[in-house]
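S.K.: how would this look folded up:
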Amino acid sequence: MMNYYYLLLLAIAFEVCGTTCMKLSEGFTKLLPSVLIFVFYAISFFLFTLALKGIDVSVAYAIWAGLGTALITIVGILWFREPATALKMISLIVVITGVIGLHLSDKVT
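M.R.: Residues are numbered from 1 along each chain as shown. Below you'll find the predicted structure:
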């Protein structure tokens, strides 16, 4: 049996890589990161589509958007030296809490 949540997590990872490449491309002025944007997003959408075979779209999309947002925020803080304000950290906790709640709601009948 395929675990659709693993596919979803991989889709999220590739989406974060694609978004990171957006920043690295410096407005499409650097070739490799510019090309990788499209490669990573294509892989992400492919994996996300496969994950939807076993996860409700409402839950899958919310998890994808929420975790993607949380992860790219962490990348921004750690890699691009963006400020880690108190409000940003509290908001990140709220996003992660919401994602956990949505994941748990998928388990409740």
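S.K.: contacts and neighbour counts: CA atoms only from here.
M.R.: Noted.
S.K.: In terms of secondary structure, what does the regular element (helix or strand) spanning residue 93 contact?
M.R.: Per DSSP states H and E, residue 93 falls inside helix 86-107. Counting contacts by 3 or more C-alpha pairs under 8 Å, 6 or more residues apart in numbering; DSSP states H and E, helix 86-107 is packed against helix 57-78.
S.K.: Residue 60: neighbouring residues, count only.
M.R.: 24 (other C-alpha atoms under 10 Å).
S.K.: And it, how far from residue 67?
M.R.: Here residue 60 is placed at a distance of 10 Å from residue 67 (C-alpha to C-alpha, to the nearest Å).
S.K.: swap in residue 61?
M.R.: For residue 61 relative to residue 67 (C-alpha to C-alpha), the value is 10 Å.
S.K.: show me where pLDDT drops low in the chain?
M.R.: Scanning the chain for pLDDT under 70 picks out 1, 106, 109.
S.K.: how about 80 then?
M.R.: In the predicted model of the chain, residues 1-2, 102-103, 105-109 satisfy pLDDT under 80.
S.K.: Any buried residues in the host helix or strand of residue 19, and which?
M.R.: In this structure, residue 19 sits in helix 4-24 according to DSSP H and E. Within helix 4-24, the residues that qualify as buried are 4-5, 7-22, 24, counting by 16 or more other C-alpha atoms under 10 Å.
S.K.: and that helix with helix 57-78, angle?
M.R.: Put simply, helix 4-24 runs at 40 degrees to helix 57-78, going by axes from the mean of the first three to the mean of the last three C-alpha atoms, to 10 degrees.
S.K.: Between residue 61 and residue 67, tell me which one has more neighbours.
M.R.: Using other C-alpha under 10 Å as the criterion, residue 61 and residue 67 rank with residue 67 on top: 22 against 15.
S.K.: from memory that one sits against residue 96, does it?
M.R.: Yes. Here residue 67 reaches residue 96: they are 6.9 Å apart, a contact under C-alpha atoms under 8 Å.
S.K.: Residue 94: neighbouring residues, count only.
M.R.: 14.
S.K.: ok, the residue positioned nearest the centre of the chain - contacts?
M.R.: Centroid-nearest residue in the chain, with C-alpha atoms, centre = their mean: residue 68, separated by 2.1 Å. By C-alpha atoms under 8 Å, 6 or more residues apart in numbering, residue 68 lies in contact with 12-13, 15-16.
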